[in-house]
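*Asks:* Here is a sequence together with a model predicted from it:
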Amino acid sequence: MSARPDRGGRAGRALTAVAVGGLALAATAPAAWLLTGASSQAAPLAGALPEPSASTTTKSAPAPAAAPPSSSTTAQPTAQPTAQPTASSTPALPRLVPSDPAPAVVVTTPAPVRLQVPALGVDAPVDAVGAAEDGSVVVPDDGARTGWWGPGAAPGDGDGSVVLVGHVDTPAGPGALFRLRESEVGQDVVVTDAAGEQHVYRTSAKAQFSKAELPTAELFTSAGPARLVLISCGGAFDRASRHYTDNVVVVADRVS
């Protein structure tokens, strides 16, 4: 399956051409399945600091009463000492010093390692695949295995399409996705990830495209609803080029 990805980032990876063992995919068709993303905005947290304690003001002690004047002398006013303020009872607050921003937390979603479609008898290992030097998708040489488009979404991601590609057949016999063309709406697909968690999808659409019309921009995306996309060869076999003329695509929505 030859594929030339648009390397604009994980959230918008698209292929301009894809192939699985003689299966070429080109994004020239209208958007058959437009997978749009949804954004959410968290409400800000609001809080208030407690009111600071009022400082205590020291008051002077009352002056003692003057002695009554005697009959022989005139009483003189007694000078009172000036009261000295005492230290406030409120402790001093520490100085706030801004710190460096916290490092970003990188969360790695486990990769898929097994694909099962019970209704079709599919039970195949999954290998992470990327792109070759010419930009084409690298598919496992073993036709009994499938390939996961690693730059796209993973099964545990909250949105985006998990894309698995596989051979329809090989010189040695049927490939892992030989019966994909028999898929029907409503069938369960189970993808197990490297952590042992099973992700269940249910098929919702099946289509066959000529290789020049495959809507790769809508299929190879990390945006939009969480879905699974299975792609294999289909149509007539061209003996001259030794490639199939079409691609069979099955889309499944995530159930759990």
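*Replies:* Nice, I can see it. Residues are numbered from 1 along each chain as shown.

*Asks:* Ramachandran angles for Pro118?
*Replies:* phi -50, psi -40 (degrees, to the nearest 10).

*Asks:* do Tyr244 as well
*Replies:* phi -80, psi 150.

*Asks:* measure it to Val250 for me?
*Replies:* The gap separating Tyr244 from Val250 is 16 Å, by C-beta to C-beta, to the nearest Å. Every C-beta, even on glycine, is put in place using the N, C-alpha and C of the backbone.

*Asks:* between the two, which one's more packed in?
*Replies:* The residue with more neighbours, out of Tyr244 and Val250, is Val250; 26 against 23, by other C-beta atoms under 10 Å.

*Asks:* How about the contacts made by that one?
*Replies:* When contacts are counted by C-beta atoms under 8 Å, 6 or more residues apart in numbering, Val250 touches 180, 183, 203, 205-206, 229-231.

*Asks:* one more time with 7 Å, if that's ok
*Replies:* With contacts defined as C-beta atoms under 7 Å, 6 or more residues apart in numbering, the neighbours of Val250 are 180, 183, 203, 206, 230.

*Asks:* for those, which one is nearest Val163?
*Replies:* Leu230 (8.1 Å; C-beta to C-beta).

*Asks:* Give the pairing partners of the helix or strand hosting Gly147; include direction for each.
*Replies:* Assessed by DSSP states H and E, Gly147 sits inside strand 146-149. Using DSSP bridges, strand 146-149 pairs in its sheet with strand 122-129 (parallel), strand 161-165 (antiparallel).

*Asks:* Span of stretch 127-145 from start to end?
*Replies:* 7 Å (C-alpha to C-alpha, to the nearest Å).

*Asks:* just stretch 116-128 next, same as before
*Replies:* End to end - C-alpha to C-alpha - stretch 116-128 spans 16 Å.

*Asks:* what comes into contact with it?
*Replies:* Against stretch 116-128 from outside (C-beta under 7 Å, 6+ apart): 111-115, 140, 144-148, 150, 164, 166, 176-177, 179, 182-183, 187-190.

*Asks:* Just the buried subset of those, written out for PyMOL, thanks.
*Replies:* Buried residues among the contacts of stretch 116-128 (16 or more other C-beta atoms under 10 Å), as a PyMOL selection:
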select buried, resi 111+112+113+114+115+140+144+145+146+147+148+150+164+166+176+177+179+183+187+189+190
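
*Asks:* mind listing the strands for the protein?
*Replies:* 5-6, 14-15, 17-18, 25-26, 112-117, 122-129, 146-149, 161-165, 169-170, 173-174, 188-193, 198-210, 227-238, 243-254 (DSSP state E).

*Asks:* Surely Val139 touches Val165?
*Replies:* Yes: contact criterion C-beta atoms under 7 Å: Val139 and Val165 qualify, at 6.0 Å.

*Asks:* Among those two, which residue is more densely surrounded?
*Replies:* Val165 (29 against 26).

*Asks:* so what's that one bridging to?
*Replies:* Gly147, Ile231.

*Asks:* cool, Ser210 as well?
*Replies:* Asp246.

*Asks:* if we can go back for a sec, dump the strand holding Gly147 to PDB, keeping only the CA atoms.
*Replies:* What follows is strand 146-149, C-alpha atoms only, in PDB (Å, rounded to 0.1, in the frame of the first residue of the first chain):
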ATOM      1  CA  THR A 146      -1.700  -6.100   9.700                       C
ATOM      2  CA  GLY A 147      -0.200  -2.600   9.900                       C
ATOM      3  CA  TRP A 148      -1.200   0.300  12.100                       C
ATOM      4  CA  TRP A 149      -0.600   3.800  10.700                       C
END
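
*Asks:* List of residues touching it?
*Replies:* Contacts of strand 146-149 (C-beta under 7 Å, 6+ apart): 111-112, 115, 124, 126-129, 137, 139-140, 163-166, 176-177, 220.
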